[in-house]
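Asker: Dropping the sequence and predicted coords here.
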Amino acid sequence: MSDIVDPAEYKYGFVTEIDSDTAPVGLSEDIIRFISDKKNEPEWMLNYRLKAYKQWLKMKEPAWANVHYPAIDYQKIRYYSAPKAAGPKKKFEELDPELIRTFERLGIPLLEQKRISGVAIDAVFDSVSVGTTQKETLAKYGVIFCSISEAIQERPELVKKYFGSVVPYTDNFFAALNAAVFTDGSFCYIPKGVRCPLDLSTYFRINAKDTGQFERTLLVADEGSYVNYLEGCTAPMRDENQLHAAVVELVALEGAQINYSTVQNWYAGDQNGMGGVYNFVTKRGKCVGRKAKISWTQVESGSAITWKYPSVILQGDGSVGEFYSVALTHDHMQADTGTKMVHIGKNTKSTILSKGISTGHSVNSYRGLVKFMPSADGARNYSQCDSMLVGQNSRACTFPTIESKNPTATAEHEASTSRISEEQLFYLESRGVGKEQAVSLLVNGFCRDVFKHLPLEFSVEAVKLIEMKLENSIG
Amino acid sequence: MLKISRLNAQVDGKDVLRDLSLEVKAGEVHAIMGPNGSGKSTLSKIIAGYPGYSVLSGDIQYEINGRYQSLLDMEPDVRAKEGVFLAFQYPVEVPGVSNLAFLRMAFNSICRYQGAPEMNEDKFRKFVEDKLKIVEMSPDFLERGVNAGFSGGEKKRNEILQMAVLQPRLAILDETDSGLDIDALRVVANGVNRLRSPDRAIVLITHYQRLLNFIVPDHVHVLAHGRIVQSGGRELAMELEKNGYNAYL
């Protein structure tokens, strides 16, 4: 491993030197066949990919988001890169120690004796899952937690049934691209009535240069089941931009509950806006059954560009969707993030709580859509979007949309923008608290209502992460 | 302990303090009285280091370990760490940050600076609960956000609580009595009187004489048009109450 830049700024910015099996740069049908072949996929999966690719060729990159970047040349990206010594069938003990060390350095111990109790982890390195912990414990409860590649091989009936059922490849440009070239990600199935005994977690690491990461995650919670799912992401500091176009699908059947938490800390680029990850992600959950519940909590603190709207389709009567978000932008980062709540079922309920913090020269936008379909009698939404500006050069924007086709549905929206005031800072400082600490105290206070929805360990991490980022950006 | 000499200061381009001089010795309580707009609050905020106010000339010297140093060169948090405390006229709300967490952060950063041992949460909670009795407030108060949704009286009590916890050497109270009923006034005065000691100094900024019935000052000054126009003892405050500020306008 080698450090490229001062790791104090972004401590996950190191590169792992490892032999990789890579596809040639560029995108074509041949590349898609290459990926599918590498994964030894069945015919139906390859056909799905090819259909998605044909669809993608007809689509245009969306331009409506409040983000600006030079055109991406999709022929200059590498679509597959896998460390040679990894494979879904390998035991951790047989993995290249360099991989184990990489994840340890990221705070993700994979070897048994060092594992974090109460959490099962799927570790994804570039294009492949290098392994999943605690599988045996989970198997006792009938919980399946493995890489999506493995699931395609071993549980094709489940994958066929749900894959693309929430985010079809026709959905948008990046979802189509992902469906064509996705490499790995996690698959999870919680059987009827099971409360998952461990929190499930996937850790994504982009390492290879010029390589895009196209992860694909599918989580199915059968009737009456319950699961907490955590996702973390980092990438090395590189001068070139890296593309990350993921699709995450959640399916909650009757009475099931999924809590999905993300701490996104991809490399954000340097102080001049050079480098960083382009994060174009489609995350969506579907409450298929009655009284199902899907809750998204996200802490977005990295990426040069974030384009991400974790959404919930509230199809089952009485189902519940939640979105809790903290998005922090600094230096030249651009974030356009928010959610969609689509109310179809009767008495469905959604809550949106978004906290945006912009510092430096960054732009932080909230974009939200609350839609009540004609069938959504008695549906309710509550949205609150707060923005906090630090310094004089940052910007915050809010684009909330409410579309109602049902007169009995109600929506409440509150929004605020505040600047960390000189008065507040002075008050805290006059009690002996230094300026940096005072700012992070104010910001943490601002984010508290979101952080409390994170699992405890994650919430401690999130507070530390935000503090570290602020320290670097307010000098 | 505090020597202000020929201080000139501006707020939004307007001269607010003009050649103001004042000396406060350890063990003393000074009351600064004056009509609205005379520069009382500006003076207190400048001593604490408010960045929005600009000092044009003059100096504020403060005694640290027997040596006088200029406060003007210090950041506000360093002034606090050296024992300067300002009870605000309008304490700021900091929602989402609990009173207890904030107090402990402040207390420990001062301890760290002074080389004194820091306190863990349990120990600190006991320490603060003891101080809460001084301001006659219930422990629930500690779990609430700093001043968030507090009534005017609660905010003032919270300032006194902070003062009791941080135990400053120089405490400046900016109109802490304004808007208080007689019971709250007694509580606040009690908190201040407990802090009186031979090695501390207290500056009370007030519009009314009433507070001085509870906290008896050693010196009373009249501030008008940005300078101290008259100084005296307790009797000066009584006189002001009788005749008002008209003579100084």
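Answerer: Now that the structure is in, tell me what you want to look at.

Asker: what's across from residue A:414 in the sheet?
Answerer: Note on residue A:414: beta-bridge partners by DSSP bridges are residue A:384.

Asker: And the pLDDT at it?
Answerer: Looking at residue A:414, its pLDDT reads 89.

Asker: distance of it from chain B?
Answerer: Using Cβ to the nearest Cβ, to the nearest Å, we find residue A:414 at a distance of 14 Å from chain B. The way it works is simple: take the backbone N, C-alpha and C, and place the C-beta from them, glycine included.

Asker: Quick check, that residue in contact with residue A:385.
Answerer: Yes: in this structure, residue A:414 is within contact of residue A:385 by Cβ atoms under 8 Å, at 7.5 Å.

Asker: Just give the number of residues close to residue A:239.
Answerer: Using other Cβ atoms under 10 Å in any protein chain shown, the number of residues around residue A:239 comes to 12.

Asker: wouldn't it be in contact with residue A:272 here?
Answerer: No: under the criterion of Cβ under 8 Å, residue A:239 is not in contact with residue A:272, lying 10.5 Å apart.

Asker: Identify the residue nearest residue A:243 in space, chain neighbours excluded?
Answerer: Nearest non-adjacent residue to residue A:243, counting by Cβ to Cβ, 6 or more residues apart in numbering or on different chains: residue A:212, 4.0 Å away.

Asker: And for that neighbour, the neighbour number?
Answerer: Going by other Cβ under 10 Å, the residues that sit close to residue A:212 add up to 26.

Asker: Correct me if wrong: it contacts residue A:81.
Answerer: No: in this structure residue A:212 lies outside contact range of residue A:81 using Cβ under 8 Å: 9.2 Å.

Asker: Helix, strand, or coil at whichever residue of chain B sits closest to chain A?
Answerer: Here chain B gets closest to chain A at one residue, residue B:96, 2.9 Å apart by Cβ to the nearest Cβ. At residue B:96 the chain is in strand, as set by DSSP: H, G, I helix; E, B strand; the rest coil.

Asker: near chain B at all, stretch A:336-354?
Answerer: No: using Cβ under 8 Å from any Cβ of the partner chain, stretch A:336-354 stays clear of chain B, with a minimum separation of 12.7 Å.

Asker: for that stretch, what is the average pLDDT?
Answerer: Computed over stretch A:336-354, the average pLDDT equals 97.

Asker: With stretch B:137-149 instead?
Answerer: pLDDT averaged over stretch B:137-149 gives 90.

Asker: how far is that stretch from where the chain is centred?
Answerer: The gap between where stretch B:137-149 is centred and where its chain is centred comes out at 21 Å by Cα atoms, centre = their mean, to the nearest Å.

Asker: how far away is residue A:196 from residue A:256?
Answerer: 11 Å (Cβ to Cβ, to the nearest Å).

Asker: Overlap of the contact sets of the two?
Answerer: Counting by Cβ atoms under 8 Å, 6 or more residues apart in numbering or on different chains, the common neighbours of residue A:196 and residue A:256 are A:190, A:225, A:226.

Asker: By neighbour count, which of those residues wins?
Answerer: Neighbour-wise, the shared contacts of residue A:196 and residue A:256 (other Cβ under 10 Å) top out at residue A:190, 30 neighbours.

Asker: So which bits of chain B are right by chain A?
Answerer: B:48-52, B:75-77, B:79-81, B:85-86, B:88, B:91-92, B:94-97, B:102, B:105-107, B:109-110, B:113, B:145, B:162, B:166.

Asker: List the buried residues for stretch A:139-154?
Answerer: Neighbour-count burial for stretch A:139-154 flags A:143, A:144, A:145, A:146, A:147, A:148, A:149, A:150, A:151, A:152, A:153 (criterion: 16 or more other Cβ atoms under 10 Å in any protein chain shown).

Asker: before we move on, what about stretch A:188-202?
Answerer: For stretch A:188-202, using 16+ other Cβ under 10 Å, the buried residues are A:188, A:189, A:190, A:191, A:194, A:196, A:198, A:199, A:200, A:201, A:202.

Asker: Need these in a markdown table (columns: distance to chain B).
Answerer: As requested, the buried residues of stretch A:188-202 are exported to a markdown table (distance: Cβ to the nearest Cβ, whole Å):
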| residue | distance to chain B |
| --- | --- |
| A:188 | 33 |
| A:189 | 38 |
| A:190 | 34 |
| A:191 | 40 |
| A:194 | 36 |
| A:196 | 31 |
| A:198 | 30 |
| A:199 | 26 |
| A:200 | 30 |
| A:201 | 27 |
| A:202 | 30 |
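
Asker: Thanks again, I'm all set now.
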